[in-house]
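Engineer: Sequence first, then the predicted structure:
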Amino acid sequence: MQLALFLIFGVLCVAGALIFLFQRHPINSALSLVAVMMSLAVIYWTLGAEFLAAAQVIVYSGAIMVLFVFVVMLLNAGEETRTHGSSMAYVAGIPGVAGILALLTYIFLHEREALGAAQLGGHLDGATSNIAELSRVLFTELLLPFEVTSILILVAILGAVVLARKEQ
Amino acid sequence: MVPIAYYLILAAILFSIGICAFLIKRNIITVFMSIELMLNAVNLTFVAFSHMWHHVQGQIFVFFVMVVAAAEAAVGLAIIIAIFRARQTLDVDQINLMKN
């Protein structure tokens, strides 16, 4: 049952990423990336991270990808031309990626006994919910980093406004 | 029961597709989008390991990665708009001011 859920959304994820890779129009790429992020949210949920599944939908597919689509439309980006930028990227990059993928897959399959298995709903018992545990750690042990992120976001907003402003 | 290894392999596949897109794509916006795809793949690894070690710290790390990704997207897209204003193109091959 859980394996079926994982397979359906894992295949959806990889299919979305491949469509993202081979589409030429930026809008199509952005929409297929939204599909990847939504199926990743389901996969987070199967790993017992309910809060992150909700945050993934709201922040990634809701905010970041809409921002991307907005910029694509604002700049009127058309179909991209597939020029051969640098041959180095094709000669060294693609085989390197294939090598890293093969190495990682081999290691993970070799160590699959040691890595264990995931069960639906996570490791917590019924008494403690994922969100309660998460917020307890976030607001007690990691309060300072949490507050620093608010400053980071403030600086990012100011930077975005300054950079995107029309020069006089 | 799904082995954690399958989740990690899915993350590795997504990360590799992200690198390929980064190398192949010529539009600066889609290059930026492939970085987001790679960040998502790494997030999946964090969540899987957090489940494996029975800790929520990994999930909190993903939460911070999401915050930084949101800030990065805002600033990066502002830079893309500024580049488009200055050079009237989104092709990364033609944005080579620092090459020579």
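Structural biologist: Received it, and whenever you're ready, just let me know what you need. Owing to the predicted nature of the structure, the values given are computational and were not obtained by experimental measurement.
Engineer: Wait, residue B:40 touches residue A:38, no?
Structural biologist: No: Residue B:40 lies out of contact with residue A:38 (CB atoms under 8 Å); the separation is 11.1 Å. From N, CA and C alone the C-beta is placed, and that goes for glycine too.
Engineer: out of those two, which sits in the busier spot?
Structural biologist: A count of neighbours by other CB atoms under 10 Å in any protein chain shown puts residue B:40 above the other of residue B:40 and residue A:38, at 25 against 19.
Engineer: Give me the nearest residue to the more buried one, chain neighbours excluded.
Structural biologist: Excluding the flanking residues, the one nearest residue B:40 by CB to CB, 6 or more residues apart in numbering or on different chains is residue A:40, at 5.8 Å.
Engineer: what's around the one you found, how many residues?
Structural biologist: 30.
Engineer: How about the secondary structure of it?
Structural biologist: The three-state assignment at residue A:40 reads helix, by DSSP: H, G, I helix; E, B strand; the rest coil.
Engineer: wait, what's in contact with it?
Structural biologist: With contacts defined as CB atoms under 8 Å, 6 or more residues apart in numbering or on different chains, residue A:40 is in contact with A:9, A:13, A:56, B:40, B:43, B:44.
Engineer: From the residues you listed, pick the one nearest residue A:129.
Structural biologist: Distance ranking of the contacts of residue A:40 against residue A:129, using CB to CB, places residue A:56 first at 17.8 Å.
Engineer: so what pLDDT did the one residue sitting closest to the centre of chain A get?
Structural biologist: Closest residue to the average C-alpha location of chain A: residue A:37 at 5.8 Å, with CA atoms, centre = their mean. Looking at residue A:37, its pLDDT reads 95.
Engineer: distance between the worst-scoring helix or strand of chain A on mean pLDDT and the chain's centre?
Structural biologist: The helix or strand of chain A with the poorest confidence is helix A:87-88; it has a mean of 74 (mean pLDDT, DSSP states H and E). Between the mean C-alpha point of helix A:87-88 and the mean C-alpha point of its chain there is a distance of 28 Å (CA atoms, centre = their mean, to the nearest Å).
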